[in-house]
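**Q** predicted model follows, preceded by the sequence.
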Amino acid sequence: MKKSVTVSVNEEKLSAIEMYLEQKNTTLAAELDKYIDQLYLKTVPQNVRDFIDMMSAKKLARKPRNPAPAESEKQSEQ
């Protein structure tokens, strides 16, 4: 699950950042995503990251898959 973070920035500074990032063919959101990933790697110990990865994989494996609509219709007809 993703969460949002709100940051207050001076309007003129934000405008300048967005203008120069556009010249580099990137966005503020993309740069912030990269920085968050770097901060996570720098701050969170490896064993904790491994545990989080393991739990995320486990959640994905447990997620039940819904049958395709056509398959559901075939089953209900029988």
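**A** Arrived safely.

**Q** what about residue 11, how many residues nearby?
**A** By other Cβ atoms under 10 Å, 7 other residues sit near residue 11. To be clear about C-beta, it is placed using only N, CA and C from the backbone, and glycine gets the same treatment.

**Q** ranges for the helices of the protein?
**A** Using DSSP state H, the helices of the chain run over 11-23, 28-43, 46-62, 69-77.

**Q** any chance of those in a markdown table, plus distance to residue 2 and mean pLDDT?
**A** Shown next, in a markdown table, are the helices of the chain (distance: least, Cβ to Cβ, whole Å; pLDDT from 0 to 100):
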| stretch | distance to residue 2 | mean pLDDT |
| --- | --- | --- |
| helix 11-23 | 21 | 98 |
| helix 28-43 | 10 | 97 |
| helix 46-62 | 12 | 91 |
| helix 69-77 | 28 | 57 |
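
**Q** and the ones you listed as TSV, adding distance to residue 1?
**A** Output for the helices of the chain, formatted as TSV (distance: least, Cβ to Cβ, whole Å):
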stretch	distance to residue 1
helix 11-23	27
helix 28-43	15
helix 46-62	10
helix 69-77	26
